[in-house]
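Colleague: Quick one: sequence plus predicted model below, questions after.
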Amino acid sequence: MNAEDTTQTKKDFFDSDFCQHKNFWQKRKVSFLTDMLFDLHNRKFARQVRRMTHRYPLRHILVTSVHVPKRGRKLRNMFNRLSITRHRVDFLTADMGDRGKFSNINAALAQVNLKDYDWVVVMDDDVALPQHFLDTFIPLCEVMDLKISQPAHRYHSYTSFTFNYRRWNSLGRVTRYVEDGPVTAFHRDAIAYLFPFPELRWAWATDILFCHEARRNNHNVGIVDYTAIEHLKPAAQDYPRREATAEARAFLSRHALRPDRQDLFRDTGILRHINESHLNYDVPR
C-alpha cells in the first residue's frame, strides 16, 4: 500500500464505523450474564479494596451536574445515593439553558472556591452507580495517581466506545483516554489547568483536549474497572450527532489536535493487586 492509499483509508476519530453509538451488547441477553460473571470474579478484590479504602484519607469532593427540566427526581436520587459516603461531599447543580453542558458547569463552578476541593466529579443524571461509589472510586483513582478519571462501563451499558467497558481481572487502568461523560472526575491538580472547561455546544472532543493537557503536565488519566457503572441511554439521543461531530472536528482543528485511535485507546498500566508496599501493574507504565 502506498502513501496515497494510506491517507485515503485513514479514518478520523469520529467516523461512524468506529464509534459504538449503538451498543452491541445492549441488544443481547449475554450482556447480563457477562456482568454477572464480572461481579462474581471481582469478589476476589473485595478484601484488599475494603482494607485500602478504610485506611484512606477523607477527601472533600464536589459533585456537579446539569439540572434538566422534568428530570429533577433522577438527579436527586443520584445525589442521595452519592451522599452515603465517608467523604465530605457537596452537591452543586447547573441549570440547563441554551448553552452546552460544560458552559453550564462552568457557570456553576464559578460560584465556589475550587481550591477547597480535592476532587470535582461531573455527572450526568442517567447513570446507575454501585453502592458506596465514591468510597471506592476516589481511593482507587488516587492509588493509581490519576488526575482525570472515569469509572468503566458495565457490559449492559450504553457507551460511545468499547474501550470503556470494564476489563477482566482489573481493578483499574492507566490509559491515554478518558471520556467526558457520563461520569468524569477531575483532581484538583487537573482543575488548575483545565478550568474553565471548553464551552462547546455539544461537548464532543473536550475529553481529547483534557487528556492532551494531562500528558503535557505529566499526569496520569485512567479508568476504574472495579466501580463499573451503567449508562442508561445512548449518547446523542437528544441532540444532532452530525452537528456535534462537525463542532468537534472544528474544535480539534483550532487546537491543532489530530487524535489517533490506536494511540489513545490503549492501556499503559493495569492494576491487578494492591498491598502495603507496592502496586502490581501488568503493563509497563
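Modeller: On my side now, so go ahead. Numbers count the residues shown, from 1 in each chain.
Colleague: So residue 56: helix, strand or coil?
Modeller: Under DSSP: H, G, I helix; E, B strand; the rest coil, residue 56 falls in the coil class.
Colleague: Same question for residue 181.
Modeller: coil.
Colleague: Just give the closest residue to it, not the sequence neighbours.
Modeller: residue 124 (5.5 Å; Cβ to Cβ, 6 or more residues apart in numbering). Any C-beta I mention is one placed from the backbone N, CA and C, and that applies to glycine too.
Colleague: How about stretch 228-240, which residues are buried there?
Modeller: Neighbour counts over stretch 228-240 (16 or more other Cβ atoms under 10 Å) mark 228-231, 234-236 as buried.
Colleague: for stretch 78-93, same thing?
Modeller: 78-79, 81-82, 85-87, 89, 91, 93.
Colleague: among the residues you listed, which are in strands?
Modeller: Under the assignment DSSP state E, the buried residues of stretch 78-93 contribute 89, 91, 93 to strands.
Colleague: possible to save those as JSON lines with pLDDT?
Modeller: Shown next, in JSON lines, are those (pLDDT from 0 to 100):
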{"residue": "89", "pLDDT": "98"}
{"residue": "91", "pLDDT": "97"}
{"residue": "93", "pLDDT": "95"}
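Colleague: Any chance of CSV for those residues, columns distance to residue 135?
Modeller: As requested, those are exported to CSV (distance: Cβ to Cβ, whole Å):
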residue, distance to residue 135
89, 11
91, 16
93, 22
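Colleague: Now flag whichever of those is closest to residue 256.
Modeller: Proximity of those to residue 256 (Cβ to Cβ) peaks at residue 93, which lies at 34.8 Å.
Colleague: residues touching the closest one, list them.
Modeller: By Cβ atoms under 8 Å, 6 or more residues apart in numbering, the residues touching residue 93 are 64-67, 75, 108.
Colleague: Now the two most distant members of the residues you listed.
Modeller: 75 and 108 (12.9 Å).
Colleague: How are the strands of the stretch 51-200 of the chain distributed by residue range?
Modeller: Secondary structure of the stretch 51-200 of the chain (DSSP state E, counting those that start in this stretch): strands at 60-67, 88-95, 119-123, 127-128, 146-153, 172-175, 183-187.
Colleague: Give me the sheet partners of the shortest one and which way each runs.
Modeller: Each strand that strand 127-128 pairs with, and the sense of that pairing, follows from DSSP bridges: strand 220-231 (antiparallel).
Colleague: can you give me the offset of the strand it pairs with from its chain's centre?
Modeller: The chain centre lies 7 Å from the centre of strand 220-231; the measure is Cα atoms, centre = their mean, to the nearest Å.
Colleague: what is the mean pLDDT for it?
Modeller: Summarised as a single mean, pLDDT over strand 220-231 is 97.
Colleague: quick one, that strand and strand 183-187 angle?
Modeller: What separates the directions of strand 220-231 and strand 183-187 is an angle of 150 degrees, with axes from the mean of the first three to the mean of the last three Cα atoms, to 10 degrees.
Colleague: Render the CA-only coordinates of strand 220-231 in PDB, please.
Modeller: Coordinates of each C-alpha in strand 220-231 appear next as PDB, following Å, rounded to 0.1, in the frame of the first residue of the first chain:
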ATOM      1  CA  ASN A 220      -2.000  10.100  34.600                       C
ATOM      2  CA  VAL A 221      -5.500   9.600  33.300                       C
ATOM      3  CA  GLY A 222      -7.400   6.300  33.600                       C
ATOM      4  CA  ILE A 223     -10.400   4.100  34.100                       C
ATOM      5  CA  VAL A 224     -11.500   2.400  37.300                       C
ATOM      6  CA  ASP A 225     -12.800  -1.000  36.300                       C
ATOM      7  CA  TYR A 226     -13.800  -2.200  39.800                       C
ATOM      8  CA  THR A 227     -16.500   0.500  40.100                       C
ATOM      9  CA  ALA A 228     -18.200   0.000  36.800                       C
ATOM     10  CA  ILE A 229     -21.400   2.000  36.100                       C
ATOM     11  CA  GLU A 230     -24.300   1.600  33.800                       C
ATOM     12  CA  HIS A 231     -25.200   4.400  31.400                       C
END
